[in-house]
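# predicted model and sequence follow; I will ask about them next.
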Amino acid sequence: MSDTTPIILWLRRDLRLSDHPALTAACRTGRPVIPVFVHDDQVQSLPAAPKWRLGLALDHFARVLADKGSHLILRRGPAVEVLRDLIAETGAGAVYWLRAYDADAIARDTDVKSALMDRGVEPRSFAGNLLFEPWTVQTGQGGYYKVYTPYWNAVRGRDVDVPLIAPDVIPAPQNWPRSDDLSDWQMGAAMDRGAAVVAPYVVVGERAAQGRLGAFISHRIETYKLQRDMLAEPATSGLSENLTYGEISPRTIWHAGQRARAEGAAGAEHFLKELTWREFAWHLMYHCPDLGAENWRAGWDAFPWNADADRPEVIAWKQGRTGVAVVDAAMRQMYVTGTMHNRARMIVASYLTKHLLTDWRVGLRWFADCLIDWDPAANAMGWQWVAGCGPDAAPYFRVFNPDTQSAKFDPDGAYRDHWLGQGAAARSYYDAIPRAWALSPDDAPPQPLIGLKQGRDRALEAYQGLKP
């Protein structure tokens, strides 16, 4: 007899129908498919903005599934226990999911797989959240890559599977198990009043992500390499938000970029290299699980960074009141939109870690709390890269000069004016920030915390002290 028991589709950060190998495989069996999202400790520990944005993604995807005649089942608790209970309730004979690559998720998934096998339930994990499984990309000596350019050269010519189309039908069980109410999870509680300010800027769901990709390929990829660092220009794809929640797959983006490249789009290869930078971050996090917590380069534990996140200079940085216009504009952009231009991220990270000699982990945690496109691997590698202690890092003596960066990437001051001026976007900052900051548009402009040359010289002096 053929197996007719249901398959539990365990969803995590893969909230899409197309190019979802676990969903496609489950549907192809013809067996009933029960989509499930588990609010476990890893969801509970998410920072404020990512947790809120995940809640929006879940709400949207539940409606997408409903349109397909399916349901998204929500349960709270340890994944092993939740899945065990659902198996008992539904008689499911298998659990399918897409793999995750951080240490905590790997440990959880390993425990789940073992528990399922003990119960005689089939566990199947699939690739689908990365272009290349981290263990499949090796140096000639069999190790992992520690520098981006050799990594890019190793993968640029690899075949990437064509994205899977969304299933026409998701077979439904005869009876659906109970589901939690998403509103009871209070996913946006920590965002407080900031949620209403950021909400107009979010782009939620698979269809919107596909539209974003199409618009970028049609109108901006040609000039991407030349324009992507210009702070006031809408020159990038914006897809980091959707990749974070799996509302679009990297394979879908890769193939769109490759088609544009084949058609002669000048910026296409650089766009593909930026997508591969994300892959490289996950490659490193898989092989170096402490990437987000420990200095990657040996010897950097002795560097005299200040880890006090509550000292006045750091509070001023968080508030966007450093007295350095481009730094303050970037921080305010983050509070109003939930995102920040990538070039601006490098500028504000360099200012914090070098001009203010602050531990990069202070900035990493603050970005994690505030960014709706927070990606643990990319965030960790980005902060360590700028600080100088990470893989493929910028040399420590490369201290971003905010004035020089402004002159090059915001020559007419449009970006700074937009976020520091008197317009609606700039004033929205005061509605987004914590009330405890007690800031007002009537406050006097901040004075610089430290002279740019003084801060640079101090950082270089500290670096010299680190050298053996």
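That came in fine, so what should we check first?

# do a quick rundown of the strands in the protein.
Along the chain, counting by DSSP state E, strands occupy 7-11, 33-39, 73-76, 94-98, 122-126.

# so where do the helices sit in the stretch 301-450 of the chain?
312-319, 325-337, 342-350, 360-370, 376-387, 402-409, 414-420, 424-432 (DSSP state H, counting those that start in this stretch).

# residues touching Asn379, list them.
Contacts for Asn379 (C-beta atoms under 8 Å, 6 or more residues apart in numbering) come out as 292, 364, 367-368, 371. Every C-beta, even on glycine, is put in place using the N, C-alpha and C of the backbone.

# show me the residues around Ser183 that make contact.
By C-beta under 8 Å, 6+ apart, the contact list for Ser183 is empty.

# my bad, Met346
By C-beta under 8 Å, 6+ apart, the contact set of Met346 is 382, 386, 400.

# for Ala387, see how far away it is.
Using C-beta to C-beta, to the nearest Å, one gets 11 Å for the distance from Met346 to Ala387.

# returning to that earlier point: now the helices of the stretch 301-450 of the chain as a markdown table including distance to Ser114 and mean pLDDT?
Shown next, in a markdown table, are those (distance: least, C-beta to C-beta, whole Å; pLDDT from 0 to 100):
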| stretch | distance to Ser114 | mean pLDDT |
| --- | --- | --- |
| helix 312-319 | 42 | 98 |
| helix 325-337 | 41 | 98 |
| helix 342-350 | 39 | 97 |
| helix 360-370 | 30 | 98 |
| helix 376-387 | 24 | 96 |
| helix 402-409 | 50 | 97 |
| helix 414-420 | 50 | 98 |
| helix 424-432 | 44 | 96 |
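
# on that earlier part again, which of the strands of the chain sits most buried?
Neighbour counts (mean count of other C-beta atoms under 10 Å) averaged over each of the strands of the chain peak at strand 7-11, with a mean of 26.

# and it, what does it pack onto?
Using 3 or more C-beta pairs under 8 Å, 6 or more residues apart in numbering; DSSP states H and E as the contact test, the elements touching strand 7-11 are helix 21-28, strand 33-39, helix 79-90, strand 94-98.

# ok and the helix or strand of the chain with the lowest mean pLDDT relative to helix 342-350, angle-wise?
Across the helices and strands of the chain, the lowest-confidence element by mean pLDDT, DSSP states H and E is helix 452-466, at a mean of 90. Orientation of helix 452-466 against helix 342-350 (axes from the mean of the first three to the mean of the last three C-alpha atoms, to 10 degrees) gives an angle of 70 degrees.

# which strands or helices does helix 452-466 pack on?
Right, helix 452-466 is packed against no helix or strand by 3+ C-beta pairs under 8 Å, 6+ apart.

# next, the angle from it to helix 402-409.
Between helix 452-466 and helix 402-409, the angle comes out at 110 degrees (the same axes, to 10 degrees).

# export helix 452-466 to PDB, keeping only CA atoms.
C-alpha atoms of helix 452-466 as PDB (Å, rounded to 0.1, in the frame of the first residue of the first chain):
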ATOM      1  CA  LEU A 452      37.800  63.200  12.800                       C
ATOM      2  CA  LYS A 453      41.600  63.400  12.700                       C
ATOM      3  CA  GLN A 454      41.900  63.000  16.400                       C
ATOM      4  CA  GLY A 455      39.700  59.900  16.300                       C
ATOM      5  CA  ARG A 456      41.600  58.400  13.400                       C
ATOM      6  CA  ASP A 457      45.000  59.100  15.100                       C
ATOM      7  CA  ARG A 458      43.800  57.500  18.400                       C
ATOM      8  CA  ALA A 459      42.600  54.400  16.500                       C
ATOM      9  CA  LEU A 460      45.900  54.000  14.700                       C
ATOM     10  CA  GLU A 461      47.800  54.400  17.900                       C
ATOM     11  CA  ALA A 462      45.700  51.700  19.500                       C
ATOM     12  CA  TYR A 463      46.400  49.500  16.400                       C
ATOM     13  CA  GLN A 464      50.100  50.000  16.700                       C
ATOM     14  CA  GLY A 465      49.900  48.900  20.300                       C
ATOM     15  CA  LEU A 466      48.300  45.600  19.200                       C
END
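
# which residues does it contact?
By C-beta under 8 Å, 6+ apart, the surrounding residues in contact with helix 452-466 are 299-300, 302-304, 324, 351, 354-357, 388, 396-397, 399, 401-403, 450.

# ok, now stretch 295-302?
Residues outside stretch 295-302 that contact it (C-beta under 8 Å, 6+ apart) are 288, 303, 384, 388-391, 393, 466, 468.

# end to end, how far does that stretch reach?
Terminal residues of stretch 295-302 lie 10 Å apart, using C-alpha to C-alpha, to the nearest Å.

# now for Ile217, how many residues are close by?
Residues within reach of Ile217, counting by other C-beta atoms under 10 Å, total 21.

# should've said Pro441
Residues contacting Pro441 under the criterion other C-beta under 10 Å number 9.

# okay, it: pLDDT?
Here, the pLDDT recorded for Pro441 equals 94.

# how about low-confidence regions in the stretch 51-200 of the chain?
Applying pLDDT under 70 to the stretch 51-200 of the chain picks out no residues at all.

# please enumerate the helices of it.
With helices called from DSSP H, counting those that start in this stretch, the stretch 51-200 of the chain shows them at 79-90, 103-118, 148-155, 194-198.

# skipping its backbone neighbours, what lies nearest Tyr148 in space?
Asp392 (4.8 Å; C-beta to C-beta, 6 or more residues apart in numbering).

# so the spatially closest residue to Arg12 that is not a sequence neighbour versus Leu11, what's the distance?
Leaving out its chain neighbours, the residue that sits closest to Arg12 by C-beta to C-beta, 6+ apart is Ala100, at 6.2 Å. The spacing between Ala100 and Leu11, counted by C-beta to C-beta, is 12 Å.

# same deal with Pro250?
17 Å.

# before we move on, back to that, hmm, the residue nearest to Arg12 is touching Asp109, no?
Yes - counting by C-beta atoms under 8 Å, Ala100 does reach Asp109; the two are 6.6 Å apart.

# which ones are touching the closest residue to Ala57 other than its chain neighbours?
Leaving aside its sequence neighbours, Ala57 sits nearest to Tyr245 (C-beta to C-beta, 6+ apart; 4.3 Å). Contact analysis of Tyr245 by C-beta under 8 Å, 6+ apart lists 13, 15, 53-54, 57.

# mind checking which of these are buried?
The neighbour count (16 or more other C-beta atoms under 10 Å) marks 13, 15, 53-54, 57 as buried among those.

# out of those, flag the one nearest to Ala424.
When the buried ones among the contacts of Tyr245 are compared for distance to Ala424 (C-beta to C-beta), Arg53 wins out at 22.4 Å.
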